[in-house]
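**Q** could you look at this predicted model? Sequence included:
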Amino acid sequence: MPAPPRPGPATARRKTTTDTALTALAPAIWGSTYLVTTQFLPPDRPLLASAVRALPAGLVLLAVTRTLPRGRWWWRAAVLGILNIGGFFSLLFAAAYHLPGGLAALVVSVQPMLVLLLSALLLGERIRTPQAASCLLGTAGIALLVLRPGAGLDTAGVLCGLGAALCMASGIVLTKRWGRPEGVGVAAFTGWQLTVGGLALVPAFLAVEGVPGHLTGRNLAGFAYLSIVGSLFAYAVWFRGIERLPALTVSFLGFASPLTATVLGWLVLGERWSPWQTAGAVAVLAAVALAQPRTPRAVPE
């Protein structure tokens, strides 16, 4: 029986474009959570917001899929959950507390460079000049987008930001390296990680912030958005994208988060938008385009 025909370059390009666009929805949604956090949630409780964002969504997915890890996937799921959810959120918010302005976003934006290095070490991928150039271009674009006058450095904040970047980069590359266990869907795979990450965040928010004494309907609506849209949907399409796209491509799509946050701040909150930010947005988009996978040309039979 003849083998099914391989998809042509045009079909492969359309599939890659669709996968890229769907995956980019995840960081775009995460960019909107900054607005939701400031306008809907109790003030000064980022760890609580992170735990509520992760744990309920993870438990719902576990209840729906009724699938638990087996064998070595118990410790793999724990590692991925800590890297992608618990460790990343904790370090990111710690960086945001120590670094003024957009410096936290700038420090975390070195994440594609870390993905580039880890992909070479763990996935055997070659580092190419366009990829390195797109890393530098994207970081420069984030700097133009988020930096404000008078921003100062803080050693603890920088270290936390680098730690958050390393967590995300390691999570992307290890997810790519390990894949998913056979017979386990994206929903169950996402639920494992959200549950582990959420459980890791619970003692952190209890120790640092405590339980709020009162929640309004507005607060509950904000928590619902973070859990359902920001986690259930966003992380499912994010992990799907990691499976289907190169690790570096996925890491660059994370730039959509500060870009979306900046645009929403301008549109909804009336924040200032400068020509420098326009240049930064163009640089970010150019870096993402430069990092996209190239579809190989068809080989004549």
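**A** Sure thing, it's come through. These numbers come from a predicted model, not from an experiment.
**Q** from residue 242, how far out is residue 85?
**A** Going from residue 85 to residue 242 by CB to CB, to the nearest Å gives 14 Å. For the C-beta atoms, the positions are set from N, CA and C on the backbone; glycine is no exception.
**Q** same deal with residue 64?
**A** Going from residue 64 to residue 242 by CB to CB gives 21 Å.
**Q** next, the buried residues of the helix or strand hosting residue 203.
**A** Taking DSSP states H and E as the criterion, residue 203 maps to helix 186-208. Buried residues in helix 186-208, counted by 16 or more other CB atoms under 10 Å: 186-202, 204-205.
**Q** show me what the helix or strand bottoming out on mean pLDDT in the chain packs onto, helices and strands only.
**A** Across the helices and strands of the chain, the lowest-confidence element by mean pLDDT, DSSP states H and E is helix 103-108, at a mean of 73. The helices and strands touching helix 103-108, judged by 3 or more CB pairs under 8 Å, 6 or more residues apart in numbering; DSSP states H and E, are helix 88-98, helix 129-146, helix 155-178.
**Q** show me what the helix holding residue 203 is packed against.
**A** Judged by 3+ CB pairs under 8 Å, 6+ apart, the packing partners of helix 186-208 are helix 46-65, helix 73-81, helix 88-98, helix 234-244.
**Q** just give me how far whichever helix or strand comes after it sits from the chain centre.
**A** On the C-terminal side of helix 186-208, the closest following helix or strand by DSSP H and E is helix 217-224. Here the centre of mass of C-alpha atoms in helix 217-224, compared against the chain's by CA atoms, centre = their mean, to the nearest Å, lies 22 Å away.
**Q** what sits up against helix 217-224?
**A** Applying CB atoms under 8 Å, 6 or more residues apart in numbering, the external contacts of helix 217-224 come out as 36-37, 39-42, 49, 52-53, 212, 215.
**Q** and residue 277, how far from residue 219?
**A** Between residue 277 and residue 219 the distance is 31 Å, computed by CB to CB.
**Q** neighbour-wise, which of the two wins?
**A** residue 277 (20 against 17; other CB atoms under 10 Å).
**Q** so the more buried one makes contact with residue 145?
**A** Yes. Taking CB atoms under 8 Å as the contact criterion, residue 277 and residue 145 are neighbours in contact, 5.4 Å apart.
**Q** mutual contacts of these two, please.
**A** Contact criterion CB under 8 Å, 6+ apart; residues shared by residue 277 and residue 145: residue 262.
**Q** show the average pLDDT along the lengthiest helix in the chain.
**A** What stands out as the longest helix in the chain, according to DSSP state H, is helix 9-40. Taken as a whole, helix 9-40 carries a mean pLDDT of 85.
**Q** cool, stretch 53-63 as well?
**A** For stretch 53-63, the mean pLDDT works out to 92.
**Q** tally of neighbours for residue 42?
**A** Applying the criterion other CB under 10 Å, we find 18 residues in the vicinity of residue 42.
**Q** so who does it touch?
**A** The contact partners of residue 42, by CB under 8 Å, 6+ apart, come to 48, 212, 215, 219.
**Q** for it, give me phi and psi.
**A** Note on residue 42: backbone dihedrals following degrees, to the nearest 10 are phi -60, psi 140.
**Q** list the residues that contact residue 37.
**A** 46, 49, 222, 226.
**Q** check what pLDDT the first one gets.
**A** What it means is residue 46. pLDDT for residue 46: 81.
**Q** let me know the pLDDT of the nearest residue to it once chain neighbours are set aside.
**A** Leaving aside its sequence neighbours, residue 46 sits nearest to residue 93 (CB to CB, 6 or more residues apart in numbering; 4.2 Å). On the pLDDT scale, residue 93 is placed at 77.
**Q** ok, now residue 5?
**A** Listed pLDDT for residue 5 reads 56.
**Q** before we move on, back to that, more crowded one of residue 64 and residue 242?
**A** Counting neighbours by other CB under 10 Å for residue 64 and for residue 242 shows that residue 242 has the greater number, 23 against 12.
**Q** hang on, isn't the more buried one packed against residue 175?
**A** Yes. Counting by CB under 8 Å, residue 242 touches residue 175, with 4.8 Å between them.
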